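Student: Predicted coordinates and the sequence they were generated for:
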Amino acid sequence: MAEAAGIPYRTTGSTLLHPVSALLGIPLDQVNFVACQLFALLAAFWFRLYLSPSHASSSVRHAFATIFGVYFAIFCFGWYSIHIFVLVVTCYGILNTASILNVHRYSFITAMGYLTLCHISRIYIFHYGILTTDFSGPLMIVTQKITTLAFQVHDGIGRKAEELTTEQSQLAIKIKPSLLEYLSYQLNFMSVIAGPYSNYKDYIAFIEGRHVQMKLLEVSWKQRGHDKIPDPSPVGAVLRKLCITLVSLLLFLTFTKSFPVTHIVDNQFINKSSFLSRLGLLYVVMQASKPKYYFAWTLGKVDVMAVTFMATSFKVYIENWNIQTTAWLKRVCYDRAPWYPTALTFLLSALWHGVYPGYYFTFITGILMTLAARAIRNNFRHFFISSKPLKLSYDVATWLVTQLAVCYTVAPFVLLAVEPTIKLYK
């Protein structure tokens, strides 16, 4: 983190917290991001206590969530936040003017096209000339929401019930949202900075105070001895998330800094180390690259550490690495693709993440890994389930292979460029 003294000022976001940035030696954009996430957590408590559905109307809750979300976006990204607002407003126009038979297509092309143009301009045109928090992150979340909503409106109004899957039928939207509902869903302070994305129906149920009842009905709460709908406290979950966040931050400042990704393509290390040593370091470096994701996603609610570490198949790993993004890919691509759903889903994921060559190395390799893992599981797993020792040996072997396969596949995603990726694979 050795940076020139003036660098922390070079941000399009607020400079209010520059003294904190200078004191900690952390770039101002990162300080702004963490401050917004922590303030959003405090605002969420206030929102729950004083603007609960029993104290405030849905319109008031929508307005509060939207205004604070817009403020957070401007605080973090400054004038770059206009990209988020332009895309949201443009796609609201498409939602209300395009034919219901094509609204999902126009929304998808517009959102993904705008996101891709922003990726290209930031990386290849401006070369990060303005040092700022990566505004493409919120734009990626908004793209998920825009496309999901458009597909679900199309399902609810433009398709027959018998054409829908069970999940599509449950999530279908039969009445288009008002402008306030739409802006609140897209820009609410609880998810505008780092997500996670949620379905429109779930968000509206939360605003209207129906979300707890909806979830409890799914688990037959009356059969579990409750006479009335319980009001679960969020305190325990919040404290657990904060603990995970703190641990992730400490790991990032120590473990991640000690094992930068450049180690695995260092010429001296490659020339002097054995294959097993290089493989071992690859595994360590890939684990060291994860805490920053855990930090951001835990503040934004996602919890991935335990499941991905224990995954015994490539499919389980990728499904649980970024759960909400996997759900989005499934709902807008995998379940709807007329052919090659696995390949198209991986390619969409690559395009959504950005235009670095490393992303495409990772996701194209991911296609092959997924197909190979599926073939091996279908053809060999049944030989190992006849006894517990055999099943245990199978699980241990597949866990080890999965962890190494993931490291091999994901390394280009972290390296980003072509040259170090080719060096690694050689």
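Tutor: Received, thanks.
Student: all contacts plus neighbour counts: C-alpha atoms, from now on.
Tutor: Noted.
Student: residues touching T362, list them.
Tutor: Contacts for T362 (C-alpha atoms under 8 Å, 6 or more residues apart in numbering) come out as T409, V410, A411, P412, F413.
Student: 10 Å - rerun?
Tutor: Contacts for T362 were tallied using C-alpha atoms under 10 Å, 6 or more residues apart in numbering; they are F346, A350, V406, Y408, T409, V410, A411, P412, F413, V414, L416, T421.
Student: Same check on V355?
Tutor: T116, L117, C118, H119, I120, I123, Y124, L416.
Student: Mind checking the pLDDT average for stretch 388-395?
Tutor: For stretch 388-395, mean pLDDT is 88.
Student: Any buried residues in the helix or strand hosting S277, and which?
Tutor: S277 belongs to helix 275-288 when assigned by DSSP states H and E. Within helix 275-288, the residues scored as buried using 16 or more other C-alpha atoms under 10 Å are R278, L279, L281, L282, Y283, V284, V285, M286, Q287, A288.
Student: Same check on stretch 174-183?
Tutor: For stretch 174-183, the neighbour count (16+ other C-alpha under 10 Å) marks K176, P177, E181, Y182, L183 as buried.
Student: Distance from the chain centre to that stretch, please.
Tutor: Remark: stretch 174-183 is offset 24 Å from the chain centroid, using C-alpha atoms, centre = their mean, to the nearest Å.
Student: again with stretch 277-288
Tutor: Averaging C-alpha positions (C-alpha atoms, centre = their mean) puts stretch 277-288 24 Å from its chain's average.
Student: what does stretch 63-73 give?
Tutor: 20 Å.
Student: before we move on, what about stretch 163-175?
Tutor: Per C-alpha atoms, centre = their mean, the centroid offset for stretch 163-175 relative to its chain is 23 Å.
Student: Can you list the neighbours in contact with that stretch?
Tutor: 148-162, 199-202, 331, 335.
Student: Could you rerun that using 8 Å?
Tutor: Q152, V153, H154, D155, G156, I157, A161, N199, K201.
Student: And the helices in the stretch 51-200 of the chain?
Tutor: In the stretch 51-200 of the chain, the segments counted as helices under DSSP state H, counting those that start in this stretch are 58-77, 82-97, 103-120, 136-158, 166-171, 179-187, 200-208.
Student: contacting residues for V88?
Tutor: V142, I146, L183, Q186.
Student: helices or strands next to the particular helix or strand that has A44 in it in the packing?
Tutor: Assessed by DSSP H and E, A44 sits inside helix 28-50. Judged by 3 or more C-alpha pairs under 8 Å, 6 or more residues apart in numbering; DSSP states H and E, the packing partners of helix 28-50 are helix 18-24, helix 58-77.
Student: Looking at those helices, which one is packed in the most?
Tutor: Mean neighbours per residue, mean count of other C-alpha atoms under 10 Å, is largest over the helices and strands packed on helix 28-50 for helix 58-77, with a mean of 21.
Student: residues in contact with A63?
Tutor: L180, S184.
Student: tell me the pLDDT at it?
Tutor: The model's pLDDT for A63 equals 97.
Student: R210 versus that one, what's the distance?
Tutor: Separation of A63 from R210 (C-alpha to C-alpha, to the nearest Å): 18 Å.
Student: Same check on N267?
Tutor: Counting by C-alpha to C-alpha, the gap from N267 to R210 is 58 Å.
Student: Looking at those two now, which is surrounded by more residues?
Tutor: Per other C-alpha atoms under 10 Å, whichever of N267 and R210 has more neighbours is R210, with 14 against 11.
Student: So, low pLDDT: which residues of the stretch 51-200 of the chain?
Tutor: 125-133 (pLDDT under 70).
Student: secondary structure element for G366?
Tutor: helix 357-380.
Student: in the next helix or strand after that helix, what's buried?
Tutor: Proceeding N to C from helix 357-380, the next assigned helix or strand is helix 388-415, under DSSP H and E. Residues of helix 388-415 classed as buried: 391, 394-395, 398-399, 401-415 (neighbour count, 16+ other C-alpha under 10 Å).
Student: Now do helix 388-415 against helix 357-380: the angle between them, please.
Tutor: 170 degrees (axes from the mean of the first three to the mean of the last three C-alpha atoms, to 10 degrees).
Student: just how off-centre is helix 388-415 within its chain?
Tutor: 23 Å.
Student: Helix 275-288 and that one, what's the angle between them?
Tutor: Using the same axes, to 10 degrees: helix 388-415 against helix 275-288 is 70 degrees.
Student: Does anything pack onto helix 388-415? Which helices or strands?
Tutor: Helix 388-415 packs on helix 275-288, helix 314-321, helix 357-380, helix 418-425, going by 3+ C-alpha pairs under 8 Å, 6+ apart.
Student: got the angle for it vs helix 418-425?
Tutor: Angle, helix 388-415 to helix 418-425, by the same axes, to 10 degrees: 150 degrees.
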